[in-house]
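1. Show me the folded form of this:
(chains A and B)
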Amino acid sequence: MLIYILRRLLVMIPVTILISIIGFIIIQAPPGDFVSSYIAGLEAQGDIIEPELIDSLRARYGLGEPIYVQYFKWVSSFIEGDLGYSMIYREPVVDIIAQRLPSSFTISLLSLILVFVIGIPIGILSATKQYSLADYSFTVVGFLGVATPNFLLALVGLWLLFKWTGTVAIGLYSPEMQNAPFGLAKFLDLVGHIWLPALIVGTAGTAELIRTMRANLLDELPKQYVTVARARGVKPTKLLYKYPLRIAINPVISTVGWLLPVLVEGEVLVSLVLGLPTIAPVLLDSLMQQDMFLATSIIMILGILTLVGTLLSDILLAIVDPRIRGAV
Amino acid sequence: MTEIQSGGTAIDEMAPSTEGMNGSLLSVRDLQTHFFSREGVVKAVDGVSFDIKPGEILGIAGESGCGKSVTSQSILRILPKNGKIVGGEILFQNEDRLIDLATEDADGRVLRDIRGKDIAMIFQEPMSAFSPVHTVGDQIIETIRIHQEVSKEEAHDQAIEMLRRVGMPNPARNIDEYTFNLSGGMRQRAMVALSLSCRPKLLIADEPTTAVDVTIQAQMLELLRDIQADLGMAIIMITHDLGVIAELTDRVMIMYLGKEVEHGTVEDVFHRPQHPYTRGLLASIPKMEPGRVEIEPIEGVVPNPYAMPSGCKFHTRCPDFIEGVCERHEPPLTAVARGHEVSCFLYGGREALE
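-> Numbers count the residues shown, from 1 in each chain, chains lettered A, B, ... in the order given. Modelled structure (predicted):
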């Protein structure tokens, strides 16, 4: 098992390098570079740019040099922790990410928990009471959940909340709490705000999980080991939880890991609509304005998240499923 | 209802003496199990009766779809959701209590207590009979602890003892193995150990030799015979393989489309088969004699289960079909010798039709 994890960690190194190369090339692909768009932006505002600044920027990031030189310059500073400078925000990339990643993670984690807490029990109910009224109702709700775009749900949510309570659920904090030091009051304010985005971001995932859970369990229920357990006198509830559910849930566990990056980037539109200080809108901005260091850094982080998530899933799966454990 | 006299291998000291049961451990009387689906009703078991005494080995034979497996699932009440017992009794003599398994709640206390403890079952596919994510020992120990008030350690020891008894090569290690690590023969043995873990009074073996190759099949039959001699439980052997029946059982019941067509001792049925279907089945077994390679299959095909023939179910394929009788009336069971009964108009029953 330990050897397996070490081997997997080793494999992650070349994959990470590959992600960085591909990410870098794609971001570099459009004509022009960030310095020219930076200058254009400044000039449009009537600022005068000192040529020394331009030159020092170009020299620092090796602009104008062959792409592989640029890549190596970028990579070596990336490894040292210098993620570069954002042109749009005029801040070091590290600072922007440090400000926004925590709220992204909080929302994602919360919605992941909501997805499981809501999705799994409903999936089980749908499978064990197949073709019942409840099953049909959840099927309809589930399809609606998969089919409705999240940003629309966000809009509807905003409107309903405003209609019923008169609050405008924009952002993660109330305006008066925005700059308050973090404490109990601010935490409660956060709790009051965060549930809506978490719920909305998780809707599609929940709906999908209901379908997956239902299908997996329906596959397992008629299997012979269930009948055999029944024929041995196992109680009906234990019969469900110990055997078929245990196996039906394995594919779900194997997707937990890569759900994380999906949730981080999947909330772009929701974040825009709800004005959330998360990482996704920043990624969108940076891509649109060729803010190369910001964009590549976020893409690298998402890539590494995916790799780590997949590894975590595989380890989890090996822990719960002896068939996988035997093969690793 | 039929009372069958046993071939004499019953272990009498185990037999409880209760009136009506005639010393039987299990008495299935006019059992009817039907399956309900959108296409219609399938009468998978349609009026089957048999008795089994403690320590006796009964064979139930017939082609696929004749209702032999459904009969065994009815006894343990582990039918699929759309299957229902619509008539008859399944009387089980449990110590001094007589229980009708057909009318008990399928997942209620009474049946759960009987399952795995008093009546256990061996299934066709040992690979899928065990949960793939639990060890063999986990499931054996679980069964022991459901039915006996013993500590984990004690159950563990009992499980190892049972694995040793069924001939597992290294019980102390095998108990912690998963089925996918075991060979086909060992899986079968583990399955037998699982079903015997609480020393049942009745063991139902549902096609235990169908999914394995011939050598393992032979080992399996030997094992069952040994264990039976050792623990003295009754066995219902369900198979389509008449060779297995001849090898192992005392008495045999032949089924066709949910009906019993003939029953008697193995001697009677194999040497003096009466029903045209039984004769056909026996004729369709490949012979080992040199120079004679011909097999005589039964003409025709098994009818569509949703459109069962009227009268005698076998009349559409019967070489001895009596026109005007067989397609109109159901033949009653007629005794042709002591303990040997046939349901066929060739042997009587026509007088009763006005």
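
2. and chain B, which residues reach chain A?
-> Counting by C-beta under 8 Å from any C-beta of the partner chain, chain B comes close to chain A at B:76, B:78, B:80, B:107, B:112-117, B:120-121, B:123-125, B:128-135, B:139, B:142-143, B:146-147, B:178, B:180-181, B:194. C-betas here are computed from N, CA, C, even on glycine.

3. Inside helices: which ones of those residues?
-> B:L76, B:R112, B:D113, B:I114, B:S128, B:A129, B:Q139, B:E142, B:T143, B:I146, B:H147, B:L194 (DSSP state H).

4. ok, the fourth one touching B:I99?
-> By that I understand B:I114. Yes: here B:I114 reaches B:I99: they are 7.4 Å apart, a contact under C-beta atoms under 8 Å.

5. Tabulate the ones in helices among the residues of chain B next to chain A (CSV), appending neighbour count and distance to A:M177.
-> Formatted as CSV, those follow (neighbours: other C-beta atoms under 10 Å in any protein chain shown; distance: C-beta to C-beta, whole Å):
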residue, neighbour count, distance to A:M177
B:L76, 25, 64
B:R112, 23, 57
B:D113, 15, 61
B:I114, 24, 64
B:S128, 18, 58
B:A129, 25, 60
B:Q139, 26, 56
B:E142, 22, 54
B:T143, 27, 59
B:I146, 20, 56
B:H147, 21, 61
B:L194, 31, 62
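
6. which of those residues are the two that sit furthest away from each other?
-> Spatial extent of those (C-beta to C-beta) is set by the pair B:D113 and B:S128 at 25.5 Å.

7. quick one: the helices in the stretch 251-354 of chain B?
-> Assigned by DSSP state H, counting those that start in this stretch, the stretch 251-354 of chain B shows helices spanning B:266-271, B:276-283.

8. Please identify the most buried of these.
-> Ranked by mean neighbour count, the helices of the stretch 251-354 of chain B are led by helix B:276-283 with a mean of 20 (mean count of other C-beta atoms under 10 Å in any protein chain shown).

9. where does the chain dip in pLDDT?
-> Chain wasn't specified; assuming chain A. For chain A, applying pLDDT under 70 flags the ranges A:32-34, A:37-38, A:60-62, A:258, A:260, A:262-266, A:328.

10. wrong chain, I was asking about chain B
-> Where chain B drops to pLDDT under 70, the residues are B:1-20, B:288-289, B:291-294, B:354.

11. Centroid-nearest residue for it?
-> With distances taken as C-alpha atoms, centre = their mean, the residue of chain B nearest its centroid is B:I238 (3.6 Å).

12. Please report how far A:W195 lies from A:L114.
-> Remark: distance between A:W195 and A:L114 (C-beta to C-beta, to the nearest Å) = 8 Å.

13. The two: which is more packed in?
-> A:L114 (18 against 15; other C-beta atoms under 10 Å in any protein chain shown).

14. What's the local residue count around whichever residue of the stretch 1-150 of chain A sits closest to chain B?
-> Proximity of the stretch 1-150 of chain A to chain B (C-beta to the nearest C-beta) peaks at A:Q130, 9.0 Å away. By other C-beta under 10 Å, the residues close to A:Q130 number 15.

15. Could you check which residue of the stretch 151-300 of chain B lies nearest chain A?
-> Taking C-beta to the nearest C-beta, chain A has its nearest neighbour within the stretch 151-300 of chain B at B:Y178, 5.2 Å off.

16. Can you tell me which residues in the stretch 151-300 of chain A are near chain B?
-> By C-beta under 8 Å from any C-beta, the part of the stretch 151-300 of chain A that sits against chain B consists of A:222-225, A:227-236, A:242-243, A:246-247, A:250.

17. Filter the residues you listed down to the buried ones and hand me the ChimeraX line.
-> Buried residues among these (16 or more other C-beta atoms under 10 Å in any protein chain shown), as a ChimeraX selection:
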select /A:223,224,225,227,228,229,230,231,232,233,234,242,243,246,247,250
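
18. just checking, which of the residues of the stretch 151-300 of chain A next to chain B belong to strands?
-> Among these, no member is found in strands (DSSP state E).

19. Just the ones of the residues of the stretch 151-300 of chain A next to chain B in helices?
-> A:Q224, A:Y225, A:T227, A:V228, A:A229, A:R230, A:A231, A:P236, A:R246, A:I247, A:N250.

20. of these, closest to B:M162?
-> Nearest to B:M162 among these, with distances taken as C-beta to C-beta, is A:V228, at 15.9 Å.
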